[in-house]
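Student: this is a predicted model, with the sequence first.
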Amino acid sequence: MEPELQKSDYADAGSVSAEKGGSLAPSSGSSEENNAEFQQILDQVSDFLSRLPEYIGKFYGEYRQPVVTVALIVFALISVKILLALLGAINEIPLLSPTFELIGATYTGWFIYRYLLRAENRQELSSKVSTLKDQVLGQK
């Protein structure tokens, strides 16, 4: 049980504050000082924001390679996270997961039969891979 405060308790607190030289309302001098400080801070923030594109341009020009590398790593991590969430959602659909497994096993069997069983087919696959490699990486 907490004691109840009476109006006289509040009045005593105000009188103590007034006795110590404090006041409940701000004086006009401190208001002008606060406005001047606020204006100074506002000018500094405005100056910083007006020079922000210049700062960012300098930073990017100076550290272009690391910035691009970090951005690519972050993008790759976000992509992997989204892909894993998507695969997890697909796995929860009752007949979809076994259907994809059956399709994958069938394609693997066809690929082995088509390209890996005979020597001439392996050579054909090797030439296709080297052609694709030359197209992607450029000719030597």
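Tutor: Perfect, thanks for sending it.

Student: now the longest helix along the chain: mean pLDDT?
Tutor: Criterion DSSP state H: the longest helix present in the chain is helix 28-62. Taken as a whole, helix 28-62 has an average pLDDT of 89.

Student: okay, and the nearest residue to Tyr60 once chain neighbours are set aside sits in which element?
Tutor: Excluding its sequence neighbours, the residue lying closest to Tyr60 (Cβ to Cβ, 6 or more residues apart in numbering) is Val67, at 6.0 Å. (C-beta placed from N, C-alpha, C; glycine too.) Taking DSSP states H and E as the criterion, Val67 maps to helix 64-92.

Student: picking up where we left off before, by contact count, what packs against the longest helix of the chain?
Tutor: Helix 28-62 sits against no helix or strand, with contacts defined as 3 or more Cβ pairs under 8 Å, 6 or more residues apart in numbering; DSSP states H and E.

Student: now the angle from it to helix 64-92?
Tutor: Counting by axes from the mean of the first three to the mean of the last three Cα atoms, to 10 degrees, helix 28-62 points 90 degrees away from the direction of helix 64-92.

Student: buried sites along helix 28-62?
Tutor: Across helix 28-62, burial judged by 16 or more other Cβ atoms under 10 Å covers no residue at all.
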